[in-house]
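Trainee: make a model of this:
(2 chains)
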Amino acid sequence: MSRFFRGGDDSSTESSSDEEELYSTSEEEEEEEQEEQESSEEEEEEEEESSDDEAGAQKKGLSRFLVDQASSESEESDVEGTTKVKSAKDKRFEELEATITAIQNGQKINDWGSIANEFDKLNRQVVKLQDGGKAPKSYIKCITELEDFLNETLAKQKVTPKKMNATNARGLNAVKQRIKKNNKDYQSQIDAFRQDRDAFMESDEEEAPLPKPTKVKFQDSLAPEEAADEEEKGFARVDKRGKAIPFSPESIQKHLRAILESRGRKNTDRLEQIRIMEELNKVAETPYLKIRVLQTLVSARFDLGSGTTTSMPLEHWKAAEKELRALLALLETHKDHVVIENAEEWDDDEKTPVLGPDDKYIKVPGSVVSYIERLDDELTRSLQSIDPHTSEYIERLTDEASLYNIILQGLLYYETIQKDASLEVPQESLNRIIQRRLDHVYFKPAQVVKILEENSWKQVSSSIDSTITPRSLAGDAAKLVHTLCSYLFENSEGIIRARAMLCQIYFLALHDEYYKARDMMLTSHLQENIANFDIATQILYNRTLVQVGLCAFRRGLVYDAQHTLQDICGSGRQKELLAQGVMIQRYSQVTPEQERLEKQRQLPFHMHINLELLECVYLTCSMLLEIPLLAQTGSSPDIKKRVISKTYRRMLEYHERQIFTGPPENTRDHVMQASKALAAGEWKKAIQFIHSIKIWDLMPSADEIKAMLAKQIQEEGLRTYLFTYAPFYDTLAIETLSSMFELDPAKVAAVVSKMINHEELAAALDQVTETVIFRKGVELSRLQSLALALSDKASALIETNERTLEVKTQGSANAFSRKDGRQGGQRGAGQRTGRGGARTGGNTQRQAGGTQFTGGALGAAVRA
Amino acid sequence: MASAPTANGGTSLSQYDLVLKLAQHLDRHMIFPLLEFSASQLVDEERGEVKDDAKAREITQAKYALLKKTNMTDYVADLHCELEGLKEPPAEFANKKQRVFSQLQKYEQETSKIIELLERDDVVNNLRSDKVANLEFLKREHEVTIEMVNALFDLGNLQYSCGNYADASEMLYRFRVLSTDNDKVTYATWGRLACEILTMNWESAMEELQKVRETIDSKLSQNPLAQLQHRTALIHWALFPLFNFEKAREPILDLFFSAGYVNTIQANCAWILRYLTVAVITNRGRAKNPGVHQKQMKDVVRIVKQEAYEYQDPVTRFVHALCIDFDFEEAQRQLVLAEEVLRSDFFLLAHADSFVDSARHLIFESYCKIHARISLKDLSARLGLSADAAEKWIVNLIRDTRLDAKIDYKEGTVVMNHPPSSVYQQVIEKTKGGFFRTQVLSAAIAR
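Mentor: A predicted model of the protein is given here:
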């Protein structure tokens, strides 16, 4: 195989696996052909001709080849520099020539020792110079002459038993053995050379760089039918002169084979091939041929975009989409034709397969799901490269509807063929296509999905219905997603299953089903093993997590929202974790390879979660939790360490360091100034700041959210006020508090009661006078609080020691299980609560609470 | 498990009726008492009349549907007559009875030998703890086959189905001694548990419960779904001893609060929360260790809070109002409702009074914790008592619990005194066990 062929293969490592299969099969075929080539010596003449045909089909003329080569090389071998390649090649040729001369010299003086050495060298060199299985002409000439000379020498030796010296004899034997084996490989070329030395050498210049797909099998089948052969030759000649090619239905299969075999090679002109196939498609008559042509055509179009960075040209995408649609329609009307992965290759180019008496189907090898996946990927890729703020992006996005339609039709197709058990359609194909469908649905609001679904169904004839997702589901997005997900959940495993789960959670969270989403997230246990999944799934996990957090926020569950968002937003790498932009990394070196991979992972813009909104939600939640906490901890040293959000604290500190604070400009400023106001007890100002953040408008039902926030700020303001100013009061009337914070007196009483009960506030209520009485003498002196802190630390130390020992002894030393009655994991928690004060008790309680499904996907998502 | 169409209790509280939900996880024989109870609630106690004919008929129908599949033919025949208004049961019942009877006899014949053997002292004395060896021994000496052992199982099954629980239990016990078939032993254990529950033999029921629990934990650890289902069933079955047998309380509460079962309740059967809450609240003062009770109470509050979106009834709402929202008025309202719910619940009927009493304690406790001065009048309203009764109640309470509180009669108030916990006391508390624990630690290392 040619060097260029390999190069092409390398550069397309990103292509889907089925494509690789195609590559490998074509490779194998080629090998096969080569083997056959050895045996078919007498057909050499014809072969030569056919290869001309071949070249003609690919190029308008051989003469253009040389001119073309350089440019096509630079086009496609983006890894290796063009000029370098050329000079290296020339150098090798020179070396080859030098070796050949050395051999010729050796022949003259009958020095078999040096001939043997040079011959080995020659064979090594020529491997590098082979082009499409063809060795350079000069090499052929050399080995042919060498063989002749060898035979001559052997014959001479028999006649005149003149002793050769030892080195010479050894060299002679070595060459004798090797040349036989070696020349077999080039037998056809050698024969050609022998027949007509001059002609062979003449064609040399032109032939050498040409990747020459050899066509022995093709020849075999040609032989019996002379008529067709004639026609073929005629067509080829016409072609050479650059005229239009007449295509006939009979020749379709040959064309297709030719095209398939040249696939993935260096110097093929793909556009030209596509053009040919478009023509073929017009003349194809039987459904079988049509299916074959469409398949090849679609794959050829995909080849256009096989580079890793470039996406497929728009018109070709559209054309591919149309052709896929045609293919699916064809399969629908001709139910006796099926395209399945496990069908056997049809080898006979002359006949099209017909339905046998005991066959139910004509099976065509191929994978519809792979085509659809590829189409989907290409759309994503082009969306990635288009600037999302242009109308072009929106235009391109409209193609998603037609893509979705194709996915739907593909799904219907797979459903129909799966009904027949004899076809043995793997479950995996159906899973894959359902996964694709889900991927287009899960992040969209229900109304959008509804429209999408309805439009897609409109294009499917009304007699067809899906068994998995009946037509009646089209109007109900939630049910649709549920059906798709549960189907995948039942029928798949591993990553697809996890993805289905995440998609469903995402969808639920998007539609404000917080508890359902959270419970699913918890029962999935994905947070434990998400690090083992691939990066795309980890990104989906992060997205889902964020969506659940936002959902909690919309429900007014500030604590849960903050906790859920903590890992993603607290990391400061939201962009990377959600695949919504590449971070500029200052200190770590990123190889271009990594950068490219990362770029590939980016989500198209329409799938993005608004990062500013996310930050705004996160900061607001942090404010609501942190400000009362800051007020509570005040100056006492032992609880100062409790930090809910480091990011928020850092921002707050930075904001406080500023000497002059202007009016707030961005979201962050707004939240920071609101925090400051809240800390000072000016809750109304805080509400104002928060409400003036514009991004709330992006939320559905923004007014409700603002109202919810106002309520939360009122309450937290009250708490902050009580924490901050408690030391300065003896009593405080509930009435006063209630008017100050515009809260219901009962509500105030409830808040105060809660604080008293949790021992956050040293006070008691007087029911008769409706006042809060603050207890005196609870403020600790510095020494006292330090003593408390010390005792806390001491008991923590003992506990750690105990735990360490328990781990080391595998829990066998039960010295520490004091009569607790609990089993297993309960024990630890029980002890801690029993011993620690109220605060630690509260802590364990929170930890045991259900909302902790964070962690996991963090670093791995980016680093890997 | 039966999923018979069960009718609701049919009072105004029917929305809180759990029979339907419980029935999904109970054996059909266990649902029967629940239905009986529902039926009895329909009967007006004073006049002895059925209040709601349609409902009563529905329940009878449910009973019929429930028991049709069992072999209690006589009773089913009676029910059928009642439903259809017939005097004589149709012949099919007699036939069935005959069939069951003959089957019973067949099994009894098959097992007579082995039963006889097991009653002989010389045989029993030769049995060891090794089941395989036992079976070998019996085979060798007395020609007992494995089929005979399995016949014991079948006989037990049939007897259970006929409502002959005591005998069934005995059969299953014998079977379990001899059988080496693990699956069947598990079934037999479940079967015995059912029998013991139905014969109200609580002590041995507790033993069986423990055995079932162990098998669930050990055998099903590879199959989370089955484990969940089995645990759910076990939780439901355990309700019978929980509310009927005083000694069962502690271990069953322990069971419910162990990690796996708490998760099961939260994931699969949130309605159990009602029973859990009632059990914990009424357990007040009865628990040997007040620390344990406090911890359980805390857990209950946590779970109630977490599951509030999924399950709510007056009992959980009471806890929510009292311990999470600190809304005493709401708590009082819910308490009244909760009492009604309790009185119409099969399991909780007997505990309604003690629940109300304990709940009042609970209200008062948290009230005192928060307030420094309470008006007596107000408090009596909160507790749902008359002013005099409230005063008496409070005096009793202060005396019993040694609360630091006084009644100011003139003002009509109760005055609490909350001594702030001294810092020195706190430090002492925290460092109390340190020396001992360190000693234990060093001893353990030295070993």
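Trainee: for residue A:773, give me phi and psi.
Mentor: phi -100, psi 120 (degrees, to the nearest 10).
Trainee: only the buried residues of the helix or strand containing residue B:113, if you could.
Mentor: Here residue B:113, judged by DSSP states H and E, is contained in helix B:91-119. Counting neighbours by 16 or more other CB atoms under 10 Å in any protein chain shown, one finds that the buried residues in helix B:91-119 are B:93, B:97, B:100, B:104, B:107, B:110, B:111, B:114, B:117, B:118. Every residue, glycine included, has its C-beta placed from N, CA and C.
Trainee: my guess is the second one meets residue B:73, correct?
Mentor: Yes. Using CB atoms under 8 Å, residue B:97 makes contact with residue B:73 at a distance of 4.2 Å.
Trainee: quick one on the thing from earlier: out of the buried residues of helix B:91-119, what pair is the most spread apart?
Mentor: B:93 and B:117 (36.3 Å; CB to CB).
Trainee: before we move on, back to that, possible to save the buried residues of helix B:91-119 as CSV with pLDDT and distance to chain A?
Mentor: Below are the buried residues of helix B:91-119 laid out as CSV (pLDDT from 0 to 100; distance: CB to the nearest CB, whole Å):
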residue, pLDDT, distance to chain A
B:93, 78, 43
B:97, 81, 45
B:100, 83, 41
B:104, 83, 43
B:107, 82, 40
B:110, 78, 42
B:111, 78, 39
B:114, 76, 38
B:117, 75, 40
B:118, 74, 35
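Trainee: what's the spacing between the closest residue to chain B within the stretch 551-700 of chain A and residue B:441?
Mentor: Distances between the stretch 551-700 of chain A and chain B by CB to the nearest CB are smallest at residue A:555, namely 9.6 Å. Going from residue A:555 to residue B:441 by CB to CB, to the nearest Å gives 47 Å.
Trainee: same check, this time on residue A:568
Mentor: From residue A:568 across to residue B:441, the span is 41 Å (CB to CB).
Trainee: what about the helices in the stretch 101-250 of chain B?
Mentor: Here the stretch 101-250 of chain B has its helices, by DSSP state H, counting those that start in this stretch, at B:121-126, B:131-142, B:146-161, B:165-178, B:182-198, B:202-219, B:224-244, B:249-257.
Trainee: export these to CSV and tack on mean neighbour count?
Mentor: Converted to CSV, those look like this (neighbours: other CB atoms under 10 Å in any protein chain shown):
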stretch, mean neighbour count
helix B:121-126, 11
helix B:131-142, 14
helix B:146-161, 20
helix B:165-178, 22
helix B:182-198, 21
helix B:202-219, 17
helix B:224-244, 20
helix B:249-257, 19
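Trainee: residue A:757 contacts residue B:328, doesn't it?
Mentor: No. Here residue A:757 lies out of contact with residue B:328, judged by CB under 8 Å, at a distance of 11.9 Å.
Trainee: looking at the two, which is more packed in?
Mentor: residue B:328 (25 against 16; other CB atoms under 10 Å in any protein chain shown).
Trainee: next structured bit after the host helix or strand of residue A:280?
Mentor: Following DSSP H and E, one finds residue A:280 within helix A:270-283. Later in the chain than helix A:270-283, the nearest helix or strand by DSSP H and E is helix A:287-304.
Trainee: for the helices of the stretch 101-250 of chain B, which has the smallest mean pLDDT value?
Mentor: Ranked by mean pLDDT, the helices of the stretch 101-250 of chain B bottom out at helix B:121-126, with a mean of 70.
Trainee: alpha carbons of that one, as CSV, please.
Mentor: C-alpha atoms of helix B:121-126 as CSV (Å, rounded to 0.1, in the frame of the first residue of the first chain):
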residue,chain,number,x,y,z
ASP,B,121,-36.6,-39.2,70.8
ASP,B,122,-33.9,-41.6,69.5
VAL,B,123,-34.0,-40.0,66.1
VAL,B,124,-34.0,-36.4,67.3
ASN,B,125,-31.2,-37.0,69.6
ASN,B,126,-29.1,-38.2,66.7
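Trainee: rewinding a little: the helix holding residue A:280 to helix A:287-304, inter-axis angle?
Mentor: 160 degrees (axes from the mean of the first three to the mean of the last three CA atoms, to 10 degrees).
Trainee: can you list contacts of stretch B:379-392?
Mentor: Stretch B:379-392 is touched from outside by B:328-329, B:332, B:335-336, B:360, B:363-364, B:367, B:376-377, B:393-394, B:407, B:414, with contacts defined as CB atoms under 8 Å, 6 or more residues apart in numbering or on different chains.
Trainee: got it, and stretch A:394-404?
Mentor: So stretch A:394-404 is in contact with A:314, A:317-318, A:321, A:325, A:375-376, A:379, A:382-383, A:386, A:437, A:440, A:452, A:455-456, A:606, going by CB under 8 Å, 6+ apart.
Trainee: again, 6 Å this time
Mentor: A:321, A:379, A:386, A:440, A:452, A:456 (CB atoms under 6 Å, 6 or more residues apart in numbering or on different chains).
Trainee: likewise for stretch A:95-108?
Mentor: A:114, A:115, A:118, A:121, A:122, A:125, A:138, A:142, A:149.
Trainee: let me see the domain layout of chain A.
Mentor: A:89-201, A:249-492, A:514-583+A:593-608, A:611-774 (the TED database).
Trainee: out of these, nearest to residue B:232?
Mentor: The nearest among the domains of chain A, by CB to CB, is domain A:514-583+A:593-608 at 14.8 Å.
Trainee: mind listing what's buried along whatever helix or strand residue A:703 lives in?
Mentor: Following DSSP H and E, one finds residue A:703 within helix A:702-725. Neighbour counts over helix A:702-725 (16+ other CB under 10 Å) mark A:705-706, A:708-710, A:712-724 as buried.
Trainee: repeat for stretch A:371-385
Mentor: Neighbour counts over stretch A:371-385 (16+ other CB under 10 Å) mark A:371-384 as buried.
Trainee: for that stretch, what is the average pLDDT?
Mentor: Rounded mean pLDDT across stretch A:371-385 is 85.
Trainee: who's in contact with it?
Mentor: A:298, A:302, A:305, A:311-312, A:317, A:324, A:403, A:406-407, A:410, A:436, A:602, A:604.
Trainee: for chain B, state which of those residues is nearest.
Mentor: Distance ranking of those against chain B, using CB to the nearest CB, places residue A:436 first at 29.1 Å.
Trainee: what pLDDT, on average, does the top helix by length along chain A get?
Mentor: The longest helix of chain A (DSSP state H) is helix A:391-419. Averaging pLDDT along helix A:391-419 yields 85.
Trainee: which residues touch the helix or strand just after that helix?
Mentor: Sequence-wise, the next helix or strand downstream of helix A:391-419 (DSSP H and E) is helix A:427-441. When contacts are defined by CB under 6 Å, 6+ apart, helix A:427-441 is touched by residues A:369, A:376, A:404, A:407, A:410-411, A:414, A:449, A:484, A:488, A:491-492, A:496, A:503.
Trainee: pull out the buried residues from helix A:427-441.
Mentor: A:429-441.
Trainee: make JSON lines from these and add distance to residue B:297 to it.
Mentor: Written out in JSON lines, the entries for the buried residues of helix A:427-441 read as follows (distance: CB to CB, whole Å):
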{"residue": "A:429", "distance to residue B:297": "56"}
{"residue": "A:430", "distance to residue B:297": "52"}
{"residue": "A:431", "distance to residue B:297": "48"}
{"residue": "A:432", "distance to residue B:297": "52"}
{"residue": "A:433", "distance to residue B:297": "53"}
{"residue": "A:434", "distance to residue B:297": "48"}
{"residue": "A:435", "distance to residue B:297": "47"}
{"residue": "A:436", "distance to residue B:297": "52"}
{"residue": "A:437", "distance to residue B:297": "50"}
{"residue": "A:438", "distance to residue B:297": "45"}
{"residue": "A:439", "distance to residue B:297": "48"}
{"residue": "A:440", "distance to residue B:297": "50"}
{"residue": "A:441", "distance to residue B:297": "46"}
